[in-house]
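Peer 1: Any chance you can model this:
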Amino acid sequence: MTGSLLLRNARLLDPLKGEYTEGDLRCADGRIVEIGPGLSADDARTEDLRGAFVLPGLVDAHVHVTASTADLGSLPASSPTYVTAHSARTMSRMLDRGFTTVRDASGADYGLADAQAEGLFRGPRLLFCGRALSQTGGHGDSRTRGAHVSEDHPCCAGLGRVADGVDAVRAAARDELRKGAHHIKVMASGGVASPTDRIDSTQYSAEELRAIVEEAESANRYVAAHAYTARAVNRALELGVRSIEHGNLIDDLSVELFLRHDAYLVPTLVTYWALKEEGREHGLPESSWRKVDEVLGAGLAALERAARGGVKLVYGTDLLGGMHRHQNHEFRLRGEVQSPLEVVRSATSTAADLLNLTGEIGTLDPGAHADLLVVDRDPLEDIGVLAEPEKFRHVIQAGTVVSA
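Peer 2: Numbers count the residues shown, from 1 in each chain. Coordinates of the predicted model:
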């Protein structure tokens, strides 16, 4: 029987209640079958946890698994097979850090998702959007000022595709949905890693954004928008975007709009910390490195404003190249503002809601995927426990111990 596992004498976390239940947990065929005291299963691998803490597998809702370098403009010139090899290694290491599901925020495609699902390499479940939609000169346009031709051929690696005008963005969104995108990513403001835009710019017209949202909703999918400033964030929320990525410069009106539209915020504090510390070592161009300060200091303040206002917050990291190894440091950064339980929810139950996988991941309820994390210390007492993956006792995926 695949994924047949019995965990005895565990402290099982319900992220919604913020409470532990002492007892056993049984998995079979990749799912959690039952929890309770004194369970038995003759054919299952049995592990006595002796009071260790069991959480749902972690979710990172903003990754770029194909970003083998921080020099994003160089990716379209990279061999797709080379980038795939890097991606497989990156995802394998994410699994070792306790992340059993990740949402890619541009770059990954159905090929990587299918390969992981078929067991061709180890890694977290991958929810992908394909290429992010960008206006000319926007955050997804990697051309320098002197470049003219844009190479968007699907064989090439890269994070963005340029589309201008309502008809063109509809066609681009439909194309990504045709290829199985779980969500559509749109660049709604300037960014750090793009060569020709300003961070404080708004990108795409209201008509274009509205058309992209309409296409996603028609396919029962949603739009995630890269946006920093309150002006860009607020406009995106009013136009129906469900998930705001980054949001470092939000204001009080942003908080109201998040609540009114039942939207989610995915801060990515660790990437700015990492880009400032070592971005240039990993390929970030000097011009992009100089942009980091514009958003670095504002990130924690934005998180505090959103948390205080009751915005639904989801865990995300947005790391690039060799900086992926800092993925768990986001737990420490968020712990400066949020309670440990709130941070845990952002990487479990709230993330599951955003990904439309409520009851499937982010919970230990029977019927959910048997993706689990076992740790020896209580993360609700010290969130820093989740920032030390080298000390995790077990990472369990589909009822099988994959890292111990």
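
Peer 1: Can you report how many residues lie near the closest residue to residue 104 other than its chain neighbours?
Peer 2: With sequence-adjacent residues excluded and distances taken as Cβ to Cβ, 6 or more residues apart in numbering, residue 104 is closest to residue 128, at 4.7 Å. Backbone N, C-alpha and C define where each C-beta goes, glycine included. Look at residue 128: counted by other Cβ atoms under 10 Å, it has 25 neighbours.

Peer 1: correct me, but residue 128 touches residue 110?
Peer 2: Yes - contact status for residue 128 versus residue 110: in contact at 6.8 Å, counting by Cβ atoms under 8 Å.

Peer 1: Mutual contacts of those two, please.
Peer 2: residue 180 (Cβ atoms under 8 Å, 6 or more residues apart in numbering).

Peer 1: What pLDDT is listed against the most far-flung residue of the chain relative to its centre?
Peer 2: Most distant residue from the mean C-alpha position of the chain: residue 42, 37.7 Å away (Cα atoms, centre = their mean). In this model, residue 42 is scored at 81, pLDDT.

Peer 1: And it, which helix or strand is it part of?
Peer 2: In this structure, residue 42 sits in neither a helix nor a strand according to DSSP states H and E.

Peer 1: so how far is residue 290 from it?
Peer 2: 63 Å (Cβ to Cβ, to the nearest Å).

Peer 1: what does residue 226 give?
Peer 2: In terms of Cβ to Cβ, residue 226 sits 19 Å off from residue 290.

Peer 1: So which of these two has more stuff around it?
Peer 2: Per other Cβ under 10 Å, whichever of residue 226 and residue 290 has more neighbours is residue 226, with 30 against 10.

Peer 1: For the more buried one, give its distance to residue 204.
Peer 2: Counting by Cβ to Cβ, the gap from residue 226 to residue 204 is 11 Å.

Peer 1: shared neighbours, these two?
Peer 2: What both residue 226 and residue 204 touch, as defined by Cβ under 8 Å, 6+ apart, is the set 186, 187, 188.

Peer 1: Strands - which of those residues land there?
Peer 2: 186, 187 (DSSP state E).

Peer 1: any idea which of the shared contacts of residue 226 and residue 204 is closest to residue 313?
Peer 2: Relative to residue 313, the closest of the shared contacts of residue 226 and residue 204 is residue 188; by Cβ to Cβ it sits at 18.9 Å.

Peer 1: According to the record, where do the domains of this protein fall?
Peer 2: Per the TED database, the domain ranges recorded for the chain read 5-57+362-403, 59-326.

Peer 1: Export those to CSV and append columns for distance to residue 344.
Peer 2: Below are the domains of the chain laid out as CSV (distance: least, Cβ to Cβ, whole Å):
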stretch, distance to residue 344
domain 5-57+362-403, 6
domain 59-326, 9
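
Peer 1: any low-confidence regions in the stretch 251-400 of the chain?
Peer 2: Across the stretch 251-400 of the chain, residues meeting the criterion (pLDDT under 70) sit at 291, 294-295.
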